[in-house]
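*Asks:* would you be able to build a 3D model of this:
(one chain, ligands or ions: 1)
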Amino acid sequence: MTSRKSIIITSALLIAAVALSAAAFGGPRNCCMAKKSSGQERAQAARSFEQDGAQTAAVEVTDKGFEPSSLKLKAGAPAKVTITRKTDATCAKEVVIKEYKIERKLPLNEPVTVEFTPHKGEFSFACGMDMIKGKLIVE
Ligand SMILES: [Cu+2]
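*Replies:* Model prediction:
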């Protein structure tokens, strides 16, 4: 093999490797496949009340998904749920609560507070692609 040929082969291999890794890690559709169900087992309830009767809860987006992944709220009282995205490692860069028609972008490390008055039932909140999920339990 001449050295010229091996240079050509080496650069062809490099280009192929770059293209492959771009395909594997590039698409936002791939980003939360691996994280899909993690965080679900760690369901904890988080609830507190402000003096004016509004209930507040805080959720973080970590590499495990939404933490806690389950929130308990009281039906009929205004709720303020603050979501802070702490990681770039998942695709949960926005939060969607379909039942309450809420869709908000989650800038990194910036608390975003959504307000709604929950009614009784169980509702999900999720990333924009409905892959990383959490649960609202309203009693
Ligand atoms: Cu997603």
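
*Asks:* how much space between residue 74 and residue 91?
*Replies:* Here residue 74 is placed at a distance of 31 Å from residue 91 (CB to CB, to the nearest Å). Where you see a C-beta, it was placed from the backbone N, CA and C, and this is true even at glycine.

*Asks:* now residue 89. Nearest residue, chain neighbours left out?
*Replies:* With sequence-adjacent residues excluded and distances taken as CB to CB, 6 or more residues apart in numbering, residue 89 is closest to residue 63, at 4.4 Å.

*Asks:* thinking again about what came up before, who's more crowded, residue 74 and residue 91?
*Replies:* residue 91 (20 against 14; other CB atoms under 10 Å).

*Asks:* just confirm the more buried one is within a helix.
*Replies:* No. Counting by DSSP: H, G, I helix; E, B strand; the rest coil, residue 91 is not found in a helix; it is coil.

*Asks:* doesn't residue 130 make contact with it?
*Replies:* No. Look at residue 91 against residue 130 with CB atoms under 8 Å: they stay out of range, at 10.8 Å.

*Asks:* quick check: bridge partners of residue 85?
*Replies:* Residue 85 forms beta bridges with residue 61, residue 108, as assigned by DSSP bridges.

*Asks:* wait, it touches residue 109, no?
*Replies:* Yes. Between residue 85 and residue 109 a contact is recorded at 7.0 Å, counting by CB under 8 Å.

*Asks:* fine, thanks again, bye for now.
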